[in-house]
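Engineer: no FASTA, just this:
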Ligand code: UD1
């Protein structure tokens, strides 16, 4: 069914994008990457070559620029689009909100305009559990949980992005749309050849852990130890990036089966909550490495505890996680060691 179908993957050289490329190829799709490498690294492309055995067609374009993007739609007859390209640093978005509205909203609107113009039938959007904000009285969120005010401009761009898609749907557009609400992606491809490539100091937990263990960062700070959780640290739903990648291909498969003018939203997580301390303990135990860390004050805007209800993703997408957070930690560590040898 997927044979020879061209899929445009915006941000395809990025962390989640690159892992999704591997999965698309495995399922017989032909992915075309559009990425301007502002927040990704070309080493990922050679890693992809090594895993897949051939080069993935890559166009170095800024998706925010309509005139750069349009020629791709003229050249290929896309069957679907997976739209990853966006900025994602929460703290930066607070200090530089216009960058986030311009890139995340402007980019999305550009890609959608061209999808409409060229009748691309299927669209998968990178959303985030951030659309639930700080859920009151519940930790396990399902898709019917009320969306709440985002706690950052970044979070707002995901909320607004989903709203734009909803409005396009309501207008009667043919496009079939699915928003995947990611929980916390971690890990790397089991080969250790591709993984997360944070530019500058990482904001997210696991890259900070692996960079501290390898000596790129001096010390990890755990943000807060007095939260109302079992060990006082925040709880998240950490999902292996390869499982998340697989969900995108399953989402495309689902869209193919639907009629025109379809829209839905699905959580992508494991359904289990894990604390920051549990991640640290597991990292030390699994790798045998030392880790220099200390407790520090709470980080502004952190949600106490949130994890996914996965019933809808499992039934709608016919998808299940293959990995747990321990696998993800080991794979992330392999990737960090690979980087140390090759970059
Ligand atoms: C954050 C965003 C989320 C976004 C995601 C993508 C918030 C509230 N959420 O998720 O919207 O989609 O990034 O990048 O900002 N931690 C430490 N020390 C560190 C780093 C993190 O203790 O050096 C802790 C955090 O306090 C948190 C957990 O680790 O409890 C996970 O943090 P992180 O990886 O940044 O993800 P989120 O904050 O869940």
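Structural biologist: Structure's in. What do you need? None of the values given here were measured: they were computed from a predicted structure. Residues are numbered from 1 along each chain as shown.
Engineer: okay, CA-based contacts and neighbour counts for the rest of this
Structural biologist: OK.
Engineer: Alongside the ligand, which residues does the chain contribute?
Structural biologist: 88-90, 128, 130, 155, 203-205, 208, 220-223, 234, 276, 299, 301-303 (Cα under 6 Å from any ligand atom).
Engineer: switch to 8 Å and redo it
Structural biologist: Neighbours of the ligand within the chain, by Cα under 8 Å from any ligand atom: 88-91, 128-131, 133, 151-152, 154-155, 182-184, 202-206, 208-209, 220-224, 233-236, 275-276, 298-299, 301-304.
Engineer: just the buried members of those?
Structural biologist: Burial by neighbour count, 16 or more other Cα atoms under 10 Å: within the residues of the chain next to the ligand this picks out 88-91, 128-131, 133, 151-152, 154-155, 182-184, 205-206, 208-209, 220-224, 233-236, 275-276, 298, 303-304.
Engineer: any idea how far residue 336 is from residue 342?
Structural biologist: Distance of residue 342 to residue 336, computed by Cα to Cα, to the nearest Å: 10 Å.
Engineer: the more surrounded of these two?
Structural biologist: residue 336 (23 against 7; other Cα atoms under 10 Å).
Engineer: what's the spacing between the more buried one and the ligand?
Structural biologist: Using Cα to the nearest ligand atom, to the nearest Å, we find residue 336 at a distance of 16 Å from the ligand.
Engineer: so what's that residue up against?
Structural biologist: With contacts defined as Cα atoms under 8 Å, 6 or more residues apart in numbering, the neighbours of residue 336 are 210, 211, 214.
Engineer: Can you verify residue 7 is assigned to a strand?
Structural biologist: Yes. With DSSP: H, G, I helix; E, B strand; the rest coil as the criterion, residue 7 is assigned to a strand.
Engineer: Residues that sit against both of residue 342 and residue 336, list them.
Structural biologist: With contacts taken as Cα under 8 Å, 6+ apart, not a single residue reaches both residue 342 and residue 336.
Engineer: now whichever strand or helix holds residue 100, how far from the centre of its chain.
Structural biologist: Secondary-structure element containing residue 100, defined by DSSP states H and E: helix 97-100. The gap between where helix 97-100 is centred and where its chain is centred comes out at 19 Å by Cα atoms, centre = their mean, to the nearest Å.
Engineer: How about stretch 92-102?
Structural biologist: Mean-position distance between stretch 92-102 and its chain equals 19 Å (Cα atoms, centre = their mean).
Engineer: What's the end-to-end length of that stretch?
Structural biologist: Terminal residues of stretch 92-102 lie 14 Å apart, using Cα to Cα.
Engineer: got it, and stretch 130-146?
Structural biologist: Terminal residues of stretch 130-146 are spaced 12 Å apart (Cα to Cα).
Engineer: just the helices in this structure please.
Structural biologist: Secondary structure of the chain (DSSP state H): helices located at 15-26, 43-52, 66-75, 90-95, 97-100, 107-117, 153-170, 205-214, 241-257, 276-287, 311-317, 325-342.
Engineer: buried stuff in the third one?
Structural biologist: Within helix 66-75, the residues that count as buried by 16+ other Cα under 10 Å are 66, 69, 70, 72, 73.
Engineer: which ones are touching the residue of the stretch 1-150 of the chain found nearest the ligand?
Structural biologist: In the stretch 1-150 of the chain, the residue found nearest to the ligand is residue 130; the distance is 4.4 Å by Cα to the nearest ligand atom. Contacts for residue 130 were tallied using Cα under 8 Å, 6+ apart; they are 150, 155, 158.
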